[in-house]
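1. got a structure for you, letters missing:
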C-alpha cells in the first residue's frame, strides 16, 4: 500500500488511461469473436477440415484396398496370376451383365 500512497495524480490518471485502452482492446476482440460472420467462418473451416480428414482417410483406405487386390492378382515381378485373375474377371462380367439386364427390365 505504500506504493499506492506514493503515486501522483498524473500516475493514477496514466494507469486509468492504460487500463481503459486494454479494456477497449479486449472488448473489440470479444466483438470480433462473437460476430456472426466470424462464427460462420469458424464453422465452415472446421467442417472443411473434417471433410478433408475424412477424404484423406477414405483415399488411404481405397489405396490400401487397391494395393491388396493388386498384390493378389499380380506377382512381384508384374506377371498376372491367371488362376486368380480369370475368376475375378468372370465375376465382374457376370455382375455387369446382371445389372444391365435389371436396368433393361425396369425401363420396360
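-> Received, thanks. Note that the coordinates shown come from a computational prediction; the quantities given were computed from them, not determined experimentally. Numbers count the residues shown, from 1 in each chain.
2. how far off centre is stretch 46-66?
-> Put simply, stretch 46-66 sits 8 Å off its chain's centre (C-alpha atoms, centre = their mean, to the nearest Å).
3. what's the answer for stretch 93-108, then?
-> 38 Å.
4. in this structure, which helix is the longest?
-> helix 36-73 (DSSP state H).
5. tell me which helix or strand comes right after that one.
-> helix 82-107 (DSSP states H and E).
6. can you pull the buried residues of that next one?
-> Residues of helix 82-107 include none that count as buried (16 or more other C-beta atoms under 10 Å). The C-beta positions use only the backbone N, C-alpha and C, and glycine is treated the same way.
7. so what does that helix touch, helix or strand wise?
-> helix 36-73 (3 or more C-beta pairs under 8 Å, 6 or more residues apart in numbering; DSSP states H and E).
8. quick one: list the elements packing against the helix it packs on.
-> Against helix 36-73 (3+ C-beta pairs under 8 Å, 6+ apart) you get helix 82-107.
9. what mean pLDDT does the helix it packs on get?
-> Mean pLDDT, computed over helix 82-107, is 88.
10. just how off-centre is it within its chain?
-> 36 Å.
11. let's number from 6 now, not from 1
-> Understood, numbering begins at 6; the last thing we discussed is helix 87-112.
12. list the buried residues of the longest helix of the chain.
-> For helix 41-78, using 16+ other C-beta under 10 Å, the buried residues are residue 78.
13. so how far is residue 112 from residue 106?
-> Note on residue 106: its distance to residue 112, by C-beta to C-beta, to the nearest Å, is 11 Å.
14. if I look at the two, which residues touch both of them?
-> Common contacts of residue 106 and residue 112, defined by C-beta atoms under 8 Å, 6 or more residues apart in numbering, are absent altogether.
15. what's next to stretch 67-86, contact-wise?
-> In contact with stretch 67-86 (C-beta under 8 Å, 6+ apart) are residues 89-90, 93.
16. could you redo the residues you listed as TSV and give each row distance to residue 71?
-> Shown next, in TSV, are these (distance: C-beta to C-beta, whole Å):
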residue	distance to residue 71
89	15
90	15
93	13
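17. having no further points to raise, I will conclude here.
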